[in-house]
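Engineer: What shape does this take:
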Amino acid sequence: MSADAVILAIHDDLSFADAWRSLSDDAKAALPAGVRSECVSRYRRLTSYIDRSIERAARTAKGTGNGHDQKAAEDIVGAELLDAAHKFISRFVNFPAGYCADAVALWAAHAHMAAHFHTTPRLALLSPEPETGKTRALEVLDVLTPNSMLILSPSVAAIFRKLAQEQVTLLFDEVDTIFTRRGKDDQNEDLRALLNAGYRRGASIPRCVGPKHDVQDFPVFAAVALAGIGDLPDTVMTRSIIIRMKRRAPHERIEQYRIRIHEQEGHELRDQLAQWAKCVGPAAGAAWPSLPEGVVDRRAEAWEPLIAIADLAGGEWPERARVAAVADVAAHRERAPSLGIRLLSDLQQLFRDRDAVSTQEILAGLIGMDEAPWGDLRGKALDSRGLAMRLKHYGVSSKTVRIGTATPKGYTRGDLHDAWERYLSHPIVSATSATLATSGAANGEETL
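Structural biologist: As a prediction, the model looks like this:
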């Protein structure tokens, strides 16, 4: 058989294997180096998978091995499957850090088990500029996740009705355009509601349908990945695992992704993930995995499904998942704070050890801070009224204070202490805590 026939048959496993075996060594050597390497790698993956399937089937038929051995075998298969997903994704996408590919591989596996979890974290692929690999990452996830919908210009009605029919994986590209408009004429209002509410299993959104405006509850629970420029609204960001994408440096190389060449390989991995999900999905959904210190509240909700999957996969994945969770928490804390949090932090710096500071001194100090926004808020400097309005949200009001012999209007440390403690205090999280949590899970220990 000619070399051209092998290349044409590469999309079908059985035809490819037959064609490759029928080629002589000389014919294989005559192939272009890139094509030959791809064919050899494809053939090895195919025969390795077949051999493992035959071995597992033989063990099942003979009923050999105790329960512990069978569990160990399942763990090895799960770890190998996640390794394969990680390798497939990393071939085509250049991530800024090693943990990012781990998080994306775990998220792809979780999409196959989303129905078993109480929450499904959003995967946010964000960057300051275009051409950073965000769309490529979504294209790769499109072939790895179940019932995927890669969406650029979403029709809200179509998405609502699709979710009413079946569970799908939503992959939104250029999602930043969804959050640029506000008001009653905004057609994306329903889409934003879907992204916020669909995070939790059983969530639905009521809408009027038909000529009689009958109220119908539309289910909106779905695994969602989003790619866009800049940050997303806080309501979405807090529900998301954040991957900060960067443009590739000149020395960084990736394999070119071609859907007609790599789709079949991705679908094979997708089908294997689906089969594995049928086996471990119920156990993953019922699990309460130990989490690293500092992974709490929304971060815990986001990472519990992925860490549960990693624990069931075994191998190095329990530790890799927890390290990724800690890195994600750090990424969330590195975000630019809201103006309210920035104000509390700057006030804490101004107060230092003093018990009270006048409003006039506070305003002068805030406006004089380097790189602070207080001198130009929509073209105007912060004034006493604006300061009072912003602090009112935190339960802090101005009052007459005594500073020496003077009694100006101002603020006291005692009034601000509660807001400082609640909004500026965060536990320190390190990679060590992730390792300790992994060790505790391996030993069957519970963490507080």
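
Engineer: only C-alpha atoms for contact and neighbour calcs from this point on.
Structural biologist: Will do.

Engineer: How about the contacts made by R299?
Structural biologist: T238, R239, V329 (CA atoms under 8 Å, 6 or more residues apart in numbering).

Engineer: What residues of stretch 215-223 count as buried?
Structural biologist: F218, P219, V220, F221, A222, A223 (16 or more other CA atoms under 10 Å).

Engineer: Which ones among the residues you listed lie within helices?
Structural biologist: Using DSSP state H, the subset of the buried residues of stretch 215-223 located in helices is empty.

Engineer: The residues you listed into TSV, with extra columns for distance to A85 and pLDDT?
Structural biologist: Below are the buried residues of stretch 215-223 laid out as TSV (distance: CA to CA, whole Å; pLDDT from 0 to 100):
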residue	distance to A85	pLDDT
F218	32	87
P219	29	89
V220	27	91
F221	24	93
A222	21	94
A223	18	96
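
Engineer: now the helices for the stretch 251-400 of the chain?
Structural biologist: 259-286, 297-313, 317-333, 339-351, 359-367, 384-392 (DSSP state H, counting those that start in this stretch).

Engineer: typed the wrong thing, it's the stretch 51-200 of the chain
Structural biologist: 67-92, 98-111, 134-144, 156-165, 189-197.

Engineer: and T177, which of those helices is closest to it?
Structural biologist: helix 189-197 (11.3 Å; CA to CA).

Engineer: any idea which helix or strand comes after that closest one?
Structural biologist: strand 204-209 (DSSP states H and E).

Engineer: mind saving the C-alpha coords of that next one as PDB?
Structural biologist: C-alpha atoms of strand 204-209 as PDB (Å, rounded to 0.1, in the frame of the first residue of the first chain):
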ATOM      1  CA  SER A 204     -33.500  27.000  36.800                       C
ATOM      2  CA  ILE A 205     -34.600  30.300  35.500                       C
ATOM      3  CA  PRO A 206     -38.300  31.100  34.900                       C
ATOM      4  CA  ARG A 207     -39.200  32.700  31.600                       C
ATOM      5  CA  CYS A 208     -42.500  33.500  29.800                       C
ATOM      6  CA  VAL A 209     -43.000  31.500  26.600                       C
END
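
Engineer: what's the angle between it and helix 189-197?
Structural biologist: Going by axes from the mean of the first three to the mean of the last three CA atoms, to 10 degrees, strand 204-209 is angled at 160 degrees with respect to helix 189-197.

Engineer: Okay, domains of this protein per the record?
Structural biologist: Domain ranges of the chain: 3-64, 79-335, 339-424, per automatic domain parsing.

Engineer: which of those domains sits most buried?
Structural biologist: domain 79-335 (a mean of 19; mean count of other CA atoms under 10 Å).

Engineer: ok, F218 touching C208?
Structural biologist: No. In this structure, F218 is not within contact of C208 by CA atoms under 8 Å, at 10.2 Å.

Engineer: Quick check: bridge partners of the residue nearest to I241 when sequence neighbours are not counted?
Structural biologist: Among residues not flanking I241 along the chain, L123 sits closest, at 5.0 Å (CA to CA, 6 or more residues apart in numbering). Beta-bridge partners for L123, by DSSP bridges, are A225, I241.

Engineer: residues in contact with L123?
Structural biologist: Contacts of L123 by CA under 8 Å, 6+ apart are V104, W107, V224, A225, L226, S240, I241, I242, I243.

Engineer: Return the residues in contact with the third one.
Structural biologist: Contacts here follow CA under 8 Å, 6+ apart; on that basis V224 touches T120, P121, R122, L123, T169, L170, L171, F172, L195.

Engineer: give the contact list for P96.
Structural biologist: Here P96 is in contact with R244, M245, K246 (criterion: CA under 8 Å, 6+ apart).

Engineer: State the phi and psi torsions of it.
Structural biologist: phi -70, psi -20 (degrees, to the nearest 10).

Engineer: gap between it and M113?
Structural biologist: 27 Å (CA to CA, to the nearest Å).

Engineer: ditto for G375
Structural biologist: For G375, the distance to M113 (CA to CA) stands at 50 Å.

Engineer: low-scoring pLDDT stretches of the stretch 101-250 of the chain, where are they?
Structural biologist: Along the stretch 101-250 of the chain, the parts satisfying pLDDT under 70 run over 154, 180-187.

Engineer: and if we set it to 50?
Structural biologist: Applying pLDDT under 50 to the stretch 101-250 of the chain flags residues 183-185.

Engineer: what's the answer for the stretch 251-400 of the chain, then?
Structural biologist: In the stretch 251-400 of the chain (pLDDT under 50), no residue qualifies.

Engineer: swap the cut-off to 90 and go again
Structural biologist: Within the stretch 251-400 of the chain, the ranges that satisfy pLDDT under 90 run 293-294, 296-298, 330-339, 352-353, 370-372, 377-379.

Engineer: Convert the C-alpha atoms of stretch 324-343 to PDB, please.
Structural biologist: The C-alpha trace of stretch 324-343 is given here as PDB (Å, rounded to 0.1, in the frame of the first residue of the first chain):
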ATOM      1  CA  ALA A 324      -3.300  23.700  41.400                       C
ATOM      2  CA  ALA A 325      -6.100  24.600  43.800                       C
ATOM      3  CA  VAL A 326      -3.600  26.600  46.000                       C
ATOM      4  CA  ALA A 327      -2.300  28.400  42.900                       C
ATOM      5  CA  ASP A 328      -5.800  29.200  41.800                       C
ATOM      6  CA  VAL A 329      -6.500  30.700  45.300                       C
ATOM      7  CA  ALA A 330      -3.400  32.800  44.900                       C
ATOM      8  CA  ALA A 331      -4.500  33.900  41.400                       C
ATOM      9  CA  HIS A 332      -7.800  35.100  42.800                       C
ATOM     10  CA  ARG A 333      -6.000  37.100  45.500                       C
ATOM     11  CA  GLU A 334      -3.700  38.700  43.000                       C
ATOM     12  CA  ARG A 335      -6.700  40.300  41.200                       C
ATOM     13  CA  ALA A 336      -6.900  44.100  41.500                       C
ATOM     14  CA  PRO A 337      -9.200  44.800  44.500                       C
ATOM     15  CA  SER A 338     -12.400  46.600  44.300                       C
ATOM     16  CA  LEU A 339     -12.400  50.300  45.100                       C
ATOM     17  CA  GLY A 340     -14.100  49.500  48.400                       C
ATOM     18  CA  ILE A 341     -11.300  47.100  49.400                       C
ATOM     19  CA  ARG A 342      -8.700  49.500  48.200                       C
ATOM     20  CA  LEU A 343     -10.200  52.300  50.300                       C
END
